[in-house]
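>>> Predicted model and sequence below, questions to follow.
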Amino acid sequence: MSSEQIAPLMRLTERYCVVYQTPAHPPGFALEPQLPIHAEQMFEVLSDPAIYEYENEPPASVDWLRARFARLESRQSPDGCEKWLNWVIRLPSSELAGYVQATVHPGGRAAIAYELASRYWRRGFAREACEAMLSELARYGVRNVHAVFKRKNVRSLCLLERLGFAPAAPEAYVRPDELLMTRSLSTGAET
Ligand SMILES: CC(C)(COP(=O)(O)OP(=O)(O)OC[C@H]1O[C@@H](n2cnc3c(N)ncnc32)[C@H](O)[C@@H]1OP(=O)(O)O)[C@@H](O)C(=O)NCCC(=O)NCCS
């Protein structure tokens, strides 16, 4: 289903809560700005070893994660040049499924990343959450979005293709085992 077909209804409620309603996902599917109060639930979500098949590792403890979320609560780099936007994904059941994040650089560029616990995979939640995030990023003046991931990570590749991303020019620098994919927000076309 395309963005046009699902005609997403985005609105801001309370303190930055992004509510994203589609026919597929009824009211209650939301991106919430990540806060320290999410640490306990997110520790359980992010402790799923399946998430780390290709890279990274689970959080060391709830306290470690809470401290990390507290550091990120400012939603910007220490020098204020970059926006560091992190959202947890709230399902209609009120469970947290994972997170989406974006680093917004000056000049209208942003890098995105995403992680969901494996029990929520293949249900369209990642695509829904990323589409909601991309709509939000347009409000921040972002025109070009990119993602870097391990080439073996077929799940990430499929998600990005579904979102309209395409591989970047071969000369773009990434490690040999990584792939860089980009998407223009204004047209949805490859850049
Ligand atoms: C990558 C990830 C977020 C995808 O989550 P997901 O919930 O399975 O994604 P969705 O259900 O929204 O699927 C998106 C599209 O990818 C496709 N897809 C997902 N996994 C797939 C797979 N293993 N094989 C084929 N297609 C796949 C889906 O079918 C869907 O396309 P469709 O709408 O045409 O059916 C999830 O696997 C994850 O959290 N992985 C661990 C973290 C990670 O690797 N992050 C990337 C580094 S930034």
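Now that the structure is in, tell me what you want to look at.
>>> Point out where the protein drops to low pLDDT.
The chain contains residues with pLDDT under 70 at 1-26, 171, 187-191.
>>> biggest strand in it, by residue count?
Counting residues, the longest strand found in the chain (DSSP state E) is strand 96-105.
>>> for the helix or strand following that strand, packing partners?
Toward the C-terminus, strand 96-105 is succeeded by strand 109-116 as the next helix or strand (DSSP states H and E). Counting contacts by 3 or more Cβ pairs under 8 Å, 6 or more residues apart in numbering; DSSP states H and E, strand 109-116 packs against strand 96-105, helix 125-139, strand 144-150. For every residue, glycine as well, the C-beta is placed using N, CA and C.
>>> Report the buried residues of stretch 111-126.
Going by neighbour count (16 or more other Cβ atoms under 10 Å), the buried part of stretch 111-126 is 112, 113, 114, 115, 116, 117, 120, 121, 125, 126.
>>> Spell out the secondary structure type for residue 88.
Of the three states, residue 88 takes strand according to DSSP: H, G, I helix; E, B strand; the rest coil.
>>> Neighbours of it, how many?
By the criterion of other Cβ atoms under 10 Å, residue 88 has 22 neighbours.
>>> can you check residue 106 too?
Neighbourhood size, residue 106 [other Cβ under 10 Å]: 9.
>>> try residue 33
With other Cβ under 10 Å as criterion, residue 33 counts 16.
>>> my guess is it contacts residue 86, does it?
Yes. Using Cβ atoms under 8 Å, residue 33 is in contact with residue 86, at 7.1 Å.
>>> what sits in contact with each of those two?
Jointly contacting residue 33 and residue 86 under the rule Cβ atoms under 8 Å, 6 or more residues apart in numbering are residue 75.
>>> Please, which helix or strand holds residue 160?
Using DSSP H and E, residue 160 falls in helix 154-162.
>>> got the angle between that helix and strand 144-150?
In terms of direction (axes from the mean of the first three to the mean of the last three Cα atoms, to 10 degrees), helix 154-162 departs from strand 144-150 by 160 degrees.
>>> after helix 154-162, next one along is what?
strand 166-167.
>>> which bits of the chain sit near the ligand?
Residues of the chain lying close to the ligand (Cβ under 6 Å from any ligand atom) are 51, 54, 113-116, 120-127, 149, 153-156, 158-159, 162.
>>> right, and residue 103 touches residue 110 too?
Yes. Counting by Cβ under 8 Å, residue 103 touches residue 110, with 6.3 Å between them.
>>> Neighbour count: those two, which is higher?
When neighbours are counted by other Cβ under 10 Å, residue 110 comes out ahead of the other of residue 103 and residue 110, with 24 against 15.
>>> Nearest to the spatial middle of this structure, which residue is it?
Compute the mean C-alpha point of the chain, and by Cα atoms, centre = their mean the closest residue is residue 100, 2.3 Å away.
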